[in-house]
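In: Output the structure for:
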Amino acid sequence: MLRIEGHAKLSVAVKGGRVTVRFSSVEGERLFEDLVKGKKYWEVPSLVSRICGICSYSHVLASIRAIEDCLGLEVPEHVGRLRELLHLSSIALNHAVHLFFLVLPDLKPSKTSEKRLLRSTASIVEACNSVFQGACARFTHPVGATVGGFRRPPKLKEVRFDRVLEQARQLAEAILTLESRTFPFETYGACCIDEDYSFLGDRIALSDGRLLSKSSLERLLREEKRSYSRARFYTLDGKPVAAGAIARLNLGHEKLGDTAKELMKSYSIKPPLSSPFANNVAQALELVHCVERAGWLLEELRSSRHDRWRVEHAPKKGRGCGTIEAPRGLLYHRYDLGENGVVRSSKIVTPTAINSACIEKACASYASFLMKSGAPKAKVVEQLEALVRSFDPCIPCAVHLEVVGEK
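Out: Got it, this is the predicted structure:
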């Protein structure tokens, strides 16, 4: 993601029984906030989609919402529903890939179960990709979505979501059955919230019960630049913040769909959850919720006819911001436009940047917990790598752990 796309590194040092952790980016500067300066506002969504491949639609949608906020532009309900369908499909695909390929190997399922779940994951990915093919021409860097709506009417007749809910449930149940790792840790979460569990909202909910306006987020988040990393670190009220599925579940679980609620009851899941490993549990429940709601939205859109999929508009001077829940957590875009619609300045805050300080804190806490329990060094390394993956940073398979050792 922004400034940490590629490789990251976790270093752990132990001195006098005290654990120090550094989570750092080892990639070059990305500079997207500078790249969009001087560009026309309608060029921005396709540019910022290049921040990330697998969650490119999240950046497209966040930038579109921010620019429409600048322009004072409102889109029709059916356009909003198609955007939500695409967003839910993106999150479902991201969660399925993360849970099967990056989490499940740590949980050591049986070979028979693994083969069955691979087929289920492939079916989920295929179905979600078909939504993007029908509405935006492609999944990665989708070109169909734009400011004001869509470039052409969607083609959703060939999209098949018939058995996807059953397959999503199979994968979710495997995670809910096997994921039991925990350790003492307090999670201070933040997510944008609305009336539904739709991952779109203009208010930010915090674990302490506060609701913030989206426009106040940039002012309240404190950005830190640390000498050992090119990544950004953020804190809120001086505290590391956890973004992502665990924050969303803790703050909005009562809004989940029926099947996800049924799974919560069957597996005795009672938020608030605190262990970062519970993010895997939250993603499993969200996977089911996304697929179920996406299926409903798909049928709604198929059963209605609309000729107008884009709202005409003119360039306008203004400042606006957009918040959404990307697969990995709270994503914020802000743009300042000049009279002719040229971008004068921007700000992009990504989920991994928000989570970085929390990753460091959690890893230090977990390392201390493991060492006090007498775990050997190899076990500590293995479990810390798994803990970083549970946060689902944008490139979790590229996290390299370096143990500096006892001094």
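In: Return the set of residues that bridge with the residue nearest to residue 248 when sequence neighbours are not counted.
Out: Spatial nearest neighbour of residue 248, chain neighbours left out: residue 191 (4.7 Å); criterion: Cβ to Cβ, 6 or more residues apart in numbering. Any C-beta I mention is one placed from the backbone N, CA and C, and that applies to glycine too. Beta-bridge partners recorded for residue 191 (DSSP bridges): residue 205.
In: Could you pull up the residues touching residue 191?
Out: By Cβ atoms under 8 Å, 6 or more residues apart in numbering, the contact list for residue 191 reads 204-205, 243, 247-248, 251-252, 325, 329-330.
In: Turn those residues into JSON lines, including distance to residue 181.
Out: What follows is the contacts of residue 191, written out as JSON lines (distance: Cβ to Cβ, whole Å):
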{"residue": "204", "distance to residue 181": "29"}
{"residue": "205", "distance to residue 181": "26"}
{"residue": "243", "distance to residue 181": "20"}
{"residue": "247", "distance to residue 181": "19"}
{"residue": "248", "distance to residue 181": "20"}
{"residue": "251", "distance to residue 181": "22"}
{"residue": "252", "distance to residue 181": "24"}
{"residue": "325", "distance to residue 181": "24"}
{"residue": "329", "distance to residue 181": "20"}
{"residue": "330", "distance to residue 181": "24"}
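In: nearest to residue 363, of these?
Out: Checking the contacts of residue 191 against residue 363 by Cβ to Cβ gives residue 243 as the nearest, at 16.4 Å.
In: quick one on the thing from earlier: just the ones of the contacts of residue 191 in strands?
Out: If you go by DSSP state E, these have 204-205, 325, 329-330 in strands.
In: Can you turn the buried part of the contacts of residue 191 into a PyMOL selection?
Out: Remark: buried members of these, expressed as a PyMOL selection using 16 or more other Cβ atoms under 10 Å:
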select buried, resi 204+205+243+247+248+251+252+325+329+330
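In: mind checking the SS state of residue 268?
Out: Look at residue 268: counting by DSSP: H, G, I helix; E, B strand; the rest coil, its state is coil.
In: If I look at it, what pLDDT would I see?
Out: Looking at residue 268, its pLDDT reads 97.
In: The ones in strands among the contacts of residue 191: which two are farthest apart?
Out: Greatest spatial distance in these: 205 and 329, 12.6 Å, computed using Cβ to Cβ.
In: Could I get the phi/psi values of residue 183?
Out: Main-chain dihedrals, residue 183, degrees, to the nearest 10: phi -160, psi 160.
In: so it touches residue 275, yeah?
Out: Yes. Using Cβ atoms under 8 Å, residue 183 is in contact with residue 275, at 6.1 Å.
In: When the two are compared, which one has more neighbours?
Out: residue 275 (22 against 18; other Cβ atoms under 10 Å).
In: The closest residue to the more buried one other than its chain neighbours in helix, strand or coil?
Out: Once flanking residues are discounted, residue 275 sits nearest to residue 182: 4.1 Å by Cβ to Cβ, 6+ apart. Under three-state DSSP, residue 182 falls in the coil class.
In: need the contact list for residue 182.
Out: By Cβ under 8 Å, 6+ apart, the neighbours of residue 182 are 275, 277-278.
In: Can you give me the separation between it and residue 224?
Out: 29 Å (Cβ to Cβ, to the nearest Å).
In: same deal with residue 184?
Out: Between residue 184 and residue 224 the computed distance is 25 Å (Cβ to Cβ).
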